[in-house]
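Student: Predicted model and sequence below, questions to follow.
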Amino acid sequence: MTGMPSIAMAGGHGRRRHIRRLLQRLGLIVASMLFLGYMLSPIAWLVSSSIQTETEITSVPPHWIPDHPSLANFKAIFSAPEKEVTYETRKRADPSAGGFIPSTARNLLPAMKNSFIVAALVVIFNLLVAIPAAYALAKIRFRGRQAGVYLILSTRVIPDIALVVPFFLFIRQLGLLDSIWSLVITYLAITVPFSVFILSNYFESLPDELDKAARVDGCSRFQALIRVYLPLATPSLVAVILFTFLTSWNEFLLALMFTQTTASQTLPIVVASFTSDFTISFSFINAAGVLAIIPPVIVAIIFERYIVSGLTAGAVKG
């Protein structure tokens, strides 16, 4: 008989633990949904408002689901190079109906092309510089190695705004003002230190015996890097590629300082110019914003499974 209360108490404790786990899971689900809604609501509004008219966008309460969705803004973006936008045509357009086209609309697609070219070049040159540097810092023992790591990281302590004047003088001396190469050079100065840090941590987490075995088999340092370490460093490389691409794609301050004409201006500069017209079409700006986020989203989806493992590589060392 004395065993019956113990069994009942054990059963009660088991039920309480089960209820506690269910409540914890429910709380986690609710918190995740709230966080997801907080993160995705601006993007949802961006997409929704890009197919609305100005009247719907400014209505109270806002229309999350358009009453009369239209792709007129996207058609205007892709047809802008063929249309002549003058003061008279803009004056006759009705912004409330969504028919207004900014005077700089024709610059959007060329700016997207410039942004993609700049981002691609920065990614390529960043890898060419950061991979050998990270391998040398991780696997080659030399005097001043640790100081070199700290010196590279110290460059990221300085805010970008403080580097604008030195960068400007340097680019002017090279004669590269109003050129996409001015952006490539300055973006490399921003992305290379962080890329070297990520890659060197990953290379350090790999056993030194791999390098020694490759050298015994007759490989040079370069061959050991290409044939042994790079195939193992895919997650870290993807994280560096994504970081470099997004930094180059979204950067605004340096692009504003070093580019003046449509031949070199990138997407953030042209989108910002839509707000400087005498009439602002929010739906048109949001349509341009939707086009601007498509390439980064595609890149993130393609490399999604490598992102977290690449950023945390080398964080724990045995």
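Tutor: Thanks, I have it.
Student: Can you tell me what sits against stretch 165-173?
Tutor: With contacts defined as Cβ atoms under 8 Å, 6 or more residues apart in numbering, stretch 165-173 is touched by 177, 182, 185-186, 189, 254, 257-258. C-beta here means a position set from N, CA and C on the backbone, and glycine is covered the same way.
Student: lowest-pLDDT helix or strand in this protein?
Tutor: The least trusted helix or strand in the chain, going by mean pLDDT, DSSP states H and E, turns out to be helix 87-92, with a mean of 48.
Student: so where's the stretch 201-318 of the chain uncertain?
Tutor: 276-279, 306-318 (pLDDT under 70).
Student: what helix or strand is the residue most central in space within the chain on?
Tutor: Most central in the chain under Cα atoms, centre = their mean is residue 246, positioned 2.8 Å from the mean C-alpha point. Per DSSP states H and E: residue 246 is located in helix 234-250.
Student: give the contact list for the residue nearest to the centre of the chain.
Tutor: 296, 299.
Student: let's go with 7 Å and repeat that
Tutor: residue 296 (Cβ atoms under 7 Å, 6 or more residues apart in numbering).
Student: after the least confident helix or strand of the chain comes which helix or strand?
Tutor: Following helix 87-92 toward the C-terminus (DSSP H and E): helix 108-139.
Student: Which of the residues in the helix or strand following that following helix are classified as buried?
Tutor: Following helix 108-139 in sequence order, the next helix or strand is helix 145-154 (DSSP H and E). Residues of helix 145-154 classed as buried: 148-149, 152 (neighbour count, 16 or more other Cβ atoms under 10 Å).
Student: Distance check, residue 146 against residue 204.
Tutor: Distance from residue 146 to residue 204, counting by Cβ to Cβ, to the nearest Å: 12 Å.
Student: typo on my end, it should be residue 66
Tutor: Distance from residue 66 to residue 204, by Cβ to Cβ: 52 Å.
Student: still on that earlier bit, please indicate which of the contacts of stretch 165-173 are buried?
Tutor: Applying 16+ other Cβ under 10 Å to the contacts of stretch 165-173 flags 182, 185-186, 254, 257-258 as buried.
Student: now for these, which pair is the farthest apart?
Tutor: 185 and 257 (12.9 Å; Cβ to Cβ).
Student: related to what we said a few turns ago, tell me the one of the contacts of stretch 165-173 nearest residue 288?
Tutor: Nearest to residue 288 among the contacts of stretch 165-173, with distances taken as Cβ to Cβ, is residue 254, at 20.6 Å.
Student: buried ones in stretch 193-212?
Tutor: Quick answer for stretch 193-212 (16+ other Cβ under 10 Å): 193-203, 205-206, 211.
Student: go on, stretch 67-75?
Tutor: Buried, per 16+ other Cβ under 10 Å, within stretch 67-75: 70, 72-74.
Student: as a whole number, average confidence for that stretch?
Tutor: The average pLDDT for stretch 67-75 rounds to 82.
Student: For residue 287, give me its contacts.
Tutor: Residue 287 touches 50, 73-74, 77, counting by Cβ under 7 Å, 6+ apart.
Student: got it, and residue 225?
Tutor: Counting by Cβ under 7 Å, 6+ apart, residue 225 has contacts residue 135.
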